[in-house]
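>>> the following comprises the amino acid sequence and a computationally predicted model.
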Amino acid sequence: MDRRPALAPAVAEVRRAVREALEPLDADGSPSVIVALSGGADSLALAAATAFEAPKLGFRPLAIVVDHRLQPGSAEVSACAADAARLLGMDAHVVGVTVDGADGPEAAARSARYRALTETARARRAAAVLIGHTLDDQAETVLLGLARGSGAASLQGMAASSELDGVTLLRPLLGVRRETTRAACAAAGIEPWEDPHNSDPRFARVRVRERVLPTMEAELGPGVAEALARTAEQLREDAAAFADMIDEVIEDIVEHAEAGISVSAAALAANPAALRHRIIRHVVMSEFGQSLTRTQTLAVARLATGWTGQGPIHLPGCSARRNGGRIEFTAAGTAGADA
């Protein structure tokens, strides 16, 4: 009796993760899914699994290779990645982008890459864009957020499913280790490209990957990366619960005011500190599109909890001041903000 060769465990794990991510999608209205392909082991393992699983669920897989044009030979690397996708049975296209921005090359490249992916997804009416971030990437993201002291939002890491400019982004491999994607490529006979930026110690993420996490594993024992990823998932659940609470509370305590918005000081003070601070940040972000630091948030909160007649607090894009029983947020440059 003929027997098919056993499926390598790494290949099976990656395929299962992709299948579980794709199953909730509707293939009728959006028949294609896009894989963001760099040519590295993570995205190649993702592409191989998507090429196998997507057609069974009614989707046509398409690989998009974004050429950032930041390294010599990037066009050849991008072409090779596209060829690898075609060998897997997928359509593949290379999209060149121009990287510029004031936030540094890494952030600018990320913005250009996501812009190219979302524009392509909308043009092709794709059901989702699949991105090859792994559990290791998630752990690194949490550690970097912790080091920067940027609060619970950054410690939530990356979402398995999110929306960007009306496009669904899926990260099926957030529960899969990087060593598994490499093993999946090896088992499938796929040769990944090694990005030199991934070993360049000038980048903080590389130092976390090659020095910090291995040291933590050596000193604290195995399982640190998994623990960090679980922490991100738990904080994301907490954030979702807080978001629901904010939606319920905000309708009762917020009113639109001339040139801005106002919040009941008494109602704000009556809420737990964690919810109070989130409401303040939510109001400023939704009304003025600005993020507040913790110091700024606490200063606004004191207008409700420690009112002693202090004057307006100048914030990014707006000002906050106590007016009777309400805290008024007004756009920068208006009469209320300058009072």
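Sure, I can see it.

>>> just for the stretch 1-150 of the chain, where's the confidence low?
Low-confidence segments of the stretch 1-150 of the chain (pLDDT under 70): 1-4, 102-103, 150.

>>> isn't S262 up against R322?
No - with contact defined as Cβ atoms under 8 Å, S262 does not reach R322; the gap is 10.2 Å. Where C-beta positions appear, they are placed from N, C-alpha and C, glycine not excepted.

>>> which one's more surrounded, the two?
Set S262 next to R322 and count neighbours by other Cβ atoms under 10 Å: S262 wins out with 23 against 20.

>>> show me what that one is bridged to.
E255, E328 (DSSP bridges).

>>> list the contacts of it.
254-256, 323, 326-329 (Cβ atoms under 8 Å, 6 or more residues apart in numbering).

>>> hmm, back to that, what is in contact with S262 and R322 at once?
Taking Cβ under 8 Å, 6+ apart as the criterion, S262 and R322 both touch E328.

>>> re earlier: out of the contacts of S262, which is most surrounded?
Neighbour counts for the contacts of S262, by other Cβ under 10 Å, peak at F329, which reaches 27 neighbours.

>>> and R148, how far is that from E287?
Relative to E287, R148 is positioned 26 Å away (Cβ to Cβ, to the nearest Å).

>>> in the protein, which helix is the longest?
Longest helix of the chain, by residue count under DSSP state H: helix 224-253.

>>> which secondary structure elements does that helix contact?
helix 135-148, helix 152-155, helix 213-220, helix 265-270, helix 273-288 (3 or more Cβ pairs under 8 Å, 6 or more residues apart in numbering; DSSP states H and E).

>>> any chance of the ones you listed in TSV, plus distance to H93?
Output for the helices and strands packed on helix 224-253, formatted as TSV (distance: least, Cβ to Cβ, whole Å):
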stretch	distance to H93
helix 135-148	24
helix 152-155	33
helix 213-220	35
helix 265-270	51
helix 273-288	36
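
>>> for G58, find the nearest of these.
G58 lies closest, by Cβ to Cβ, to one member of the helices and strands packed on helix 224-253: helix 135-148, at 28.4 Å.

>>> give me the angle between the closest one and helix 213-220.
Interaxial angle of helix 135-148 relative to helix 213-220 (axes from the mean of the first three to the mean of the last three Cα atoms, to 10 degrees): 80 degrees.

>>> now do helix 135-148: distance to the chain's middle.
12 Å (Cα atoms, centre = their mean, to the nearest Å).

>>> so what strands line up beside the top strand by length along the chain?
Longest strand in the chain, counting residues (DSSP state E): strand 60-67. Using DSSP bridges, the strands paired with strand 60-67 in its sheet are strand 32-36 (parallel), strand 91-96 (parallel).
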